[in-house]
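In: 3D, please:
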Amino acid sequence: MILGVGTDIIEVERIRKNIESKNYFKEKVFSKNEIDYCEKKANKAESYAARFAAKEAFFKALGTGWRNGMSFAEVEILNNEFGKPKINLFGKAKEVTEKQNCSDIHVSMSHIKEFASAIVILEKQI
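Out: Sure thing, here's the model as predicted:
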């Protein structure tokens with residue numbers, strides 16, 4: 001059964017400005033694994049933007065937004081060996097998701113030069 005669906009779209013340039021600033025945006029929002037992955041990409045801003053959009057979409061699907069003690073850093077988007085993205089949860093985000101009996105998380109991301117988007121679908125055990 002579907003627990004929630006979330007989608008987000010973001011301008012790549014907005015994320016590019018943030019990751020290039022000295023305000024530690026990358027470290028606040030992305031895990032070390034995500035940073036390592038994105039930094040290897042030719043157009044790293046697109047990869048960061050897609051992950052940011054996926055984090056936003058996750059919180060929308062959860063129905064809570066990123067309040068209640070949850071943070072972007074608790075939502076990690078990595079790729080499996082075939083390139084398929086998956087979401088790992090930590091801390092309060094994991095706790096809230098488990099309380100809602102979420103059994104599976106599906107994520108799809110896309111990006112082009114100017115925009116990145118993502119959709120997240122949360123499934124619930126019946």
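
In: element containing residue 46?
Out: Per DSSP states H and E, residue 46 falls inside helix 44-62.

In: what lines up beside the helix or strand following that helix in the sheet?
Out: Sequence order places strand 75-79 as the next helix or strand after helix 44-62, per DSSP H and E. Using DSSP bridges, strand 75-79 pairs in its sheet with strand 85-89 (antiparallel).

In: Return the angle between stretch directions for the helix holding residue 46 and strand 75-79.
Out: 120 degrees (axes from the mean of the first three to the mean of the last three CA atoms, to 10 degrees).

In: and helix 44-62, which residues are buried?
Out: 44-62 (16 or more other CB atoms under 10 Å). C-betas here are computed from N, CA, C, even on glycine.

In: Same question for stretch 82-89.
Out: 85, 87, 89.

In: Save those residues as a markdown table, and put in distance to residue 114 and pLDDT too.
Out: Below are the buried residues of stretch 82-89 laid out as a markdown table (distance: CB to CB, whole Å; pLDDT from 0 to 100):
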| residue | distance to residue 114 | pLDDT |
| --- | --- | --- |
| 85 | 20 | 96 |
| 87 | 25 | 98 |
| 89 | 29 | 97 |
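
In: need the contact list for residue 35.
Out: By CB atoms under 8 Å, 6 or more residues apart in numbering, residue 35 lies in contact with 26-27.

In: swap in residue 63?
Out: Counting by CB under 8 Å, 6+ apart, residue 63 makes contact with residue 4.

In: what's it sitting at in phi/psi?
Out: Main-chain torsions, residue 63, degrees, to the nearest 10: phi 80, psi 10.

In: Just the pLDDT for the residue most central in space within the chain.
Out: For the chain, the residue nearest the mean C-alpha position is residue 55 (2.6 Å; CA atoms, centre = their mean). With respect to pLDDT, residue 55 scores 97.
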